[in-house]
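In: return atomic coordinates for the entry below.
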Amino acid sequence: MAVLRLLYCDSAGVRRCRAVVYKGELPAVTAEHTDRAAANGLAAATVVATNPDLQPTPSLIEAAAAGVITLTPVVSDSNDTDAQATQQSILPSAALTPAQAATAGPFASKTAAYAAVAEDAATAAPSCSINGIKSAGRSQGLPHDVSPAEVAAAKAAAQYGAGLTMASMGQPVNADMMVPGSGLIPVGEVRLIPDLSAVQALPWAEGHSIAPAEMWERDLSRPSPFCPRAALKHALLALEQGYDIKLMLGFELEFTLLRPVTSSSADASSIVLTAGGHSWTPVDESIYCQSSALDHMSSVLDKMVSALESMGIDVQQYHAESGPGQFEIATAPYPALEAVDKLLYSKEVISAVARQHGLEVTFLPKPYAGLAGSGCHCHISLWQAHPELQHHSSASSYSSNSIIEDLPLITVAPGTVPVGRSSHASGQCVPEGYPTLSNTAAAFLAGLLEHLPGLLCFTAPTNNSYDRLLPGTWSGAHICWGYDNREAPLRVCCPDPDKPETTNIEYKAFDGTTNPYIGVTAIIAAGMRGLQEASVLPPPTQVMPNPADTATPQLRSLPASLQEAMAAFEKDNSLQTKLQQLLGPDLLKAFLAVRRFEAAEVKDPIATLLRYS
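Out: Next comes the predicted model:
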């Protein structure tokens, strides 16, 4: 017997899977990187080059690069490439091969394209022309269209798929129900379709493999508008096509190991957590990096790391953390979609290995009041997606001077020397020994900082998340950023001063209750807002954040509850608009409905202790 587990994550951040039994062997499929983004990048460059009167704002370039606004063809004779390019709604270009044109576009929705061109136009004609560029008009439903190649891949994998109620993205963590206001009903079904290029054998379950699954319409014409993985793919393409940026992500995954407690083994001095009729206590009461904790649990941790490595997940380090029974495993950076898939795989590994040893694990942010909490710090670096493409010099202020010479890295400025102090055009003051952020990275980071209060309901999405985000707990409780300031929710770190390419942005307010596809999409939305609005990064906070201190009097506190974070999001029209484009209105509505329900109904976090396991 062979079993393929279809892994997905719901709006509550709970990992779920369906097991499909099949005969024979799975087809050997490798990850295929199509040339769609490169083709549309060339299309955007052509828009600028052939329209001298065009004002090339980042939003307009983003829409053009997405392939959903088109220029009247400038090439009169129609060869095969031109015909296919026109059919795919991208610009013809001599640099496009027929194969490229056939798989190139469009991916962003017509709604998103029009919004990128004229977001402030509340009412608009079905179509319009801007300097010779015709908008595609507005449409409803999906946040994106799909290429023929994606549809073909879904159909090829369909025999290993399974049906799932459409209402699955409207379920809360604490009940088997649909929350009110989600827009979902018990009628209708989606198909769970595995990504066969990401299949991994499970080392602890012979004959079992696992694959990340996407939700598709029953006719396999396109992903469901409620699919979070498809939404992240769309967001990454929008970032790549609009700004020639790809993200690399790494995660620090913190968790608590628990052993069962019986009445005879209970110790009055022990920390006891009761959930689901069972009692649990942490495996130790050690402190940060205590060597005896590593020795005590080495047999378990070593098997976790071995299983991760066997599934293609590189582990950089692991150690005891600050809380009782708390440990951290830090994984290597990967391209964003792959990194999020591997994050879910990592949780599967940690939970399975713990259970093999008679233990349980929880990724709950704050299982014990007054003690250290668990996060899932997200490390972000920005890279030039297509360094071989030359963009028009006026296409974007982020493409001309933000790449290190001979290195396709955007996080730090060109020619940066990590010594001394310098002033940056965006207002940075760089401490000694750190590289200067590029214009692109500074604007992206400024977007995260500006939209952080509303962003929290996507990356710290439960009531328990805010028990962790307290001053003096290494998690960040104030709206600020800093170079290696571990009390800032946004930390710029450069692990190797001699290698500027190791520079990355650590986003701390990300925890184990987050749906990482949705959380990373929200981060991209805020960062893109920073790029689009040319947001200015304020000076870094290089002291202990404290609003009462005269050194940091301007600091504001982050929302102290999920309700406050949701209120901040409701006031952030800019972030709302971007997430409408990237997540799509249906998924955004369902996700927020689950958040509102849980904010009101889930008062005891320990009741969900093993839902986040």
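In: spatially central residue in the protein, please.
Out: The chain has residue 520 as the residue nearest its centroid, 1.7 Å off, counting by CA atoms, centre = their mean.
In: that one is in what secondary structure piece?
Out: Per DSSP states H and E: residue 520 is located in helix 516-532.
In: ok, and what's touching the helix or strand where residue 164 lies?
Out: Here residue 164 sits within strand 162-165, counting by DSSP H and E. Applying CB atoms under 8 Å, 6 or more residues apart in numbering, the external contacts of strand 162-165 come out as 6, 18, 20, 186, 188, 189, 190, 191, 192, 215. (Each C-beta comes from the backbone N, C-alpha and C, glycine too.)
In: sheet partners, orientation included, of the helix or strand following that strand?
Out: Downstream of strand 162-165, the first helix or strand assigned by DSSP H and E is strand 189-194. Here strand 189-194 has these sheet partners by DSSP bridges: strand 162-165 (antiparallel), strand 208-216 (antiparallel).
In: distance from strand 189-194 to the middle of the chain?
Out: With CA atoms, centre = their mean, to the nearest Å as the basis, strand 189-194 stands 21 Å off its chain's centre.
In: pull it out as PDB, backbone CA atoms only.
Out: Once non-C-alpha atoms are left out, strand 189-194 reads as follows in PDB (Å, rounded to 0.1, in the frame of the first residue of the first chain):
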ATOM      1  CA  GLU A 189     -16.600  21.300  -3.000                       C
ATOM      2  CA  VAL A 190     -13.000  21.900  -4.000                       C
ATOM      3  CA  ARG A 191     -10.400  19.500  -5.100                       C
ATOM      4  CA  LEU A 192      -7.200  19.100  -3.100                       C
ATOM      5  CA  ILE A 193      -4.500  18.800  -5.700                       C
ATOM      6  CA  PRO A 194      -0.900  17.800  -4.600                       C
END
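In: quick one, what contacts the residue nearest to the centre of the chain?
Out: Residue 520 is in contact with 232, 235, 247, 249, 336, 340, 378, counting by CB under 8 Å, 6+ apart.
In: check residue 349 too.
Out: The neighbours of residue 349, taking CB under 8 Å, 6+ apart as the test, are 304, 307, 308, 311, 313.
In: tell me which residues of stretch 554-574 are tucked away?
Out: Residues of stretch 554-574 classed as buried under the neighbour-count rule (16 or more other CB atoms under 10 Å) are 555, 558, 559, 562, 563, 564, 565, 566, 568, 569, 572, 574.
In: number of residues surrounding residue 218?
Out: Applying other CB atoms under 10 Å, we find 12 residues neighbouring residue 218.
In: that one contacts residue 192, correct?
Out: No - using CB atoms under 8 Å, residue 218 is not in contact with residue 192; the gap is 11.3 Å.
In: and the closest residue to residue 166 other than its chain neighbours, what is it in contact with?
Out: Among residues not flanking residue 166 along the chain, residue 188 sits closest, at 3.8 Å (CB to CB, 6 or more residues apart in numbering). Counting by CB under 8 Å, 6+ apart, residue 188 makes contact with 165, 166, 167.
In: and for residue 541?
Out: 478, 480, 481, 482, 485, 488, 552, 555.
In: possible to save these as TSV with pLDDT, secondary structure and distance to residue 504?
Out: Below are these laid out as TSV (pLDDT from 0 to 100; DSSP: H, G, I helix; E, B strand; the rest coil; distance: CB to CB, whole Å):
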residue	pLDDT	secondary structure	distance to residue 504
478	93	strand	21
480	94	coil	18
481	95	strand	13
482	93	strand	14
485	92	coil	14
488	94	coil	14
552	61	coil	24
555	86	coil	23
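In: before we move on, back to that, for the contacts of residue 349, which one is nearest residue 538?
Out: The nearest member of the contacts of residue 349 to residue 538, counting by CB to CB, is residue 313 at 36.3 Å.
In: and residue 568, how far from residue 555?
Out: Remark: distance between residue 568 and residue 555 (CB to CB, to the nearest Å) = 16 Å.
In: can you check residue 508 too?
Out: For residue 508, the distance to residue 555 equals 15 Å [CB to CB].
In: for the lengthiest strand in the chain, output the C-alpha coordinates as CSV.
Out: The strand that spans the most residues within the chain, counting by DSSP state E, is strand 245-261. Provided in CSV are the C-alpha atoms of strand 245-261 (Å, rounded to 0.1, in the frame of the first residue of the first chain):
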residue,chain,number,x,y,z
ILE,A,245,12.4,40.9,-6.7
LYS,A,246,12.3,37.4,-5.3
LEU,A,247,12.2,36.6,-1.6
MET,A,248,14.3,34.1,0.3
LEU,A,249,12.9,33.1,3.6
GLY,A,250,14.3,31.2,6.6
PHE,A,251,12.5,30.3,9.8
GLU,A,252,13.4,29.9,13.5
LEU,A,253,10.8,27.4,14.7
GLU,A,254,10.3,27.4,18.4
PHE,A,255,8.3,24.7,20.2
THR,A,256,7.6,23.2,23.6
LEU,A,257,8.1,19.5,24.3
LEU,A,258,5.6,18.0,26.8
ARG,A,259,5.4,14.7,28.6
PRO,A,260,2.2,13.1,29.9
VAL,A,261,1.3,13.5,33.6
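In: now that strand against helix 516-532, angle please.
Out: Angle of strand 245-261 versus helix 516-532, following axes from the mean of the first three to the mean of the last three CA atoms, to 10 degrees, is 150 degrees.
In: can you list contacts of the helix or strand following strand 245-261?
Out: Counting by DSSP H and E, the element after strand 245-261 in chain order, helix or strand, is strand 273-275. Strand 273-275 is contacted from outside by 258, 279, 280, 281, 367, 368, 606, 607, 608, 609, 610, using CB under 8 Å, 6+ apart.
In: now do stretch 606-613
Out: Stretch 606-613 is contacted by residues 12-14, 173-174, 273-276, 280, 351, 360-364, 367, 462, 464, 512-513, 602 when judged by CB under 8 Å, 6+ apart.
In: are any of those buried, and which?
Out: 12-14, 173-174, 273, 275, 280, 351, 360-364, 367, 462, 464, 512-513, 602.
In: these in strands, which ones?
Out: Counting by DSSP E, the part of those found in strands is 273, 275, 280, 360, 361, 362.
In: tell me how far the closest residue to the fourth one other than its chain neighbours lies from residue 292.
Out: By the measure of CB to CB, 6+ apart, the closest residue to residue 360 outside its immediate chain neighbours is residue 258, 4.6 Å from it. Counting by CB to CB, the gap between residue 258 and residue 292 amounts to 18 Å.
In: so between these two, which is more surrounded?
Out: residue 258 (26 against 11).
In: which residues does the more buried one bridge with?
Out: Here residue 258, judged by DSSP bridges, has bridge partners residue 282, residue 360.
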